[in-house]
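Trainee: Quick one: sequence plus predicted model below, questions after.
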Amino acid sequence: MKVLPLLFFLSTAIVASHCSEVASEGQIHLLRPQSGSGGRLLSGLSCLSWRLAVEANNIIEWETIPATCEGYVGHYMLGHQYRKDIQAVVYAAIGYAKSLNISKDGKDIWIFDIDETSLSNLPYYAKHGFGAEPYNSTLFNEWVFEGKAPALPGTLKLYRKIVSLGIKPVFLTGRSEDQRKVTSSNLKNVGYRSWLKLILKASSESGTTAVVYKSTHRAELEASGYRIVGNIGDQWSDILGTHEANRSFKLPDPMYYIS
Ligand SMILES: *[C@@H]1O[C@H](CO)[C@@H](O)[C@H](O)[C@H]1NC(C)=O
Ligand SMILES: *[C@@H]1O[C@H](CO)[C@@H](O)[C@H](O)[C@H]1NC(C)=O
Ligand SMILES: *[C@@H]1O[C@H](CO)[C@@H](O)[C@H](O)[C@H]1NC(C)=O
């Protein structure tokens, strides 16, 4: 594991979160054990090709990253490339947002997903094999309830631009309604100061897929007269479905897949 990119990520994360605990958690990255419990990589496929196919929504419905790609995904996530890939998406999104003719009626909205979009759970995933370990909701929710997720710096920049242009931000997340308080304070602590709506998954919706859940809420927003000019998420299920935004932006996430 290269130390330099790791420190680069963490130092920015600390600035973004004002959270010194992230630094001490970061030391665990260096000692990260190989969990060895991930899925299998098709023979002859490189981890880079696997990641590209995942990002392009060609390889779908996978449960864990290939076990042999844990080191590759870890280096990608902690190094410069992940951050540069985010910057490219944000650059395009800001260019698009600036090109819009925003109406004065306050009905133009931009949807932001939360996990791996507005907030980063990298401090958690670095301790859990970068997606090589099967998802454990108990452990992940414990991390969520700490409320210490740093912002994705690129998304925070986009959020600020959106707000300054007069577009209203809406957070639409698969996190559950009982996580509203901690999610709200986590968002505010890292710089997402206000929003039109923060939509979390009600317990009655727990059985629905992300595509259906998110499409349903986009439909409700449109029925209330809002125009969804933009949408950004790390999962295709944040973006695809019905009532899609005028333009959607897909952030990288090679660690997990949500349908
Ligand atoms: C922007 O929108 C307003 C109101 O809908 C319209 O009158 C105006 O022509 C638009 N401007 C451009 C450049 O499209
Ligand atoms: C999740 O992690 C906890 C704590 O390590 C463990 O007790 C539990 O069995 C795990 N759940 C699953 C489904 O692996
Ligand atoms: C955005 O999408 C809606 C619905 O598809 C469409 O009516 C509208 O013209 C689009 N706006 C722009 C600026 O493309």
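Mentor: Arrived safely. Residues are numbered from 1 along each chain as shown. Ligands and ions are numbered 1, 2, ... in the order given.

Trainee: drop to CA atoms for contacts and neighbour counts, all remaining ones
Mentor: Noted.

Trainee: Pop out the phi and psi values for the nearest residue to Lys197 once chain neighbours are set aside.
Mentor: Spatial nearest neighbour of Lys197, excluding adjacent residues (Cα to Cα, 6 or more residues apart in numbering): Val170 at 4.9 Å. Main-chain torsions, Val170, degrees, to the nearest 10: phi -130, psi 130.

Trainee: go on, Trp62?
Mentor: phi -90, psi 150.

Trainee: okay but it is in contact with Ser259, surely?
Mentor: No. Using Cα atoms under 8 Å, Trp62 is not in contact with Ser259, being 9.5 Å away.

Trainee: Quick check: closest non-adjacent residue to Ala97.
Mentor: Per Cα to Cα, 6+ apart, closest to Ala97 is Ile162, 7.0 Å.

Trainee: what's the neighbour count on the one you found?
Mentor: The local packing of Ile162 (other Cα atoms under 10 Å) involves 20 other residues.

Trainee: quick one: contacts for it?
Mentor: Contacts of Ile162 were listed using Cα atoms under 8 Å, 6 or more residues apart in numbering, and they are Ile94, Ala97, Trp110, Lys168, Pro169.

Trainee: Which ones among the residues you listed map onto strands?
Mentor: Trp110, Lys168, Pro169 (DSSP state E).

Trainee: residues near Asn101, how many?
Mentor: 9.

Trainee: ok, now Glu220?
Mentor: Other residues lying near Glu220 total 13 when counted by other Cα under 10 Å.

Trainee: before we move on, which element is it in?
Mentor: helix 210-223 (DSSP states H and E).

Trainee: in that helix, what's buried?
Mentor: Ala210, Val211, Val212, Tyr213, Lys214, Ser215, His217, Arg218, Ala219, Leu221 (16 or more other Cα atoms under 10 Å).

Trainee: tell me the contacts of the closest residue to the fifth one other than its chain neighbours?
Mentor: Of all residues beyond its chain neighbours, the one nearest Lys214 is Asp238 (6.6 Å), with distances taken as Cα to Cα, 6+ apart. Taking Cα under 8 Å, 6+ apart as the definition of contact, the neighbours of Asp238 are Asp113, Ala210, Val211, Lys214, Ile232.

Trainee: do you know how far the fourth one is from ligand 2?
Mentor: Just to be clear, that refers to Lys214. 26 Å (Cα to the nearest ligand atom, to the nearest Å).

Trainee: which residues touch that residue?
Mentor: For Lys214, the contact set (Cα under 8 Å, 6+ apart) comprises Leu172, Ser237, Asp238.

Trainee: Among these, which are located in strands?
Mentor: Using DSSP E, these in strands are Leu172.

Trainee: between the contacts of Lys214, which is nearest ligand 2?
Mentor: Distance ranking of those against ligand 2, using Cα to the nearest ligand atom, places Ser237 first at 23.3 Å.

Trainee: Wait, the closest one touches Ser215, no?
Mentor: No. Using Cα under 8 Å, Ser237 is not in contact with Ser215; the gap is 9.0 Å.

Trainee: burial measure for Arg130, as a count.
Mentor: Arg isn't right for residue 130; it's Phe. For Phe130, using other Cα under 10 Å, the count is 28.
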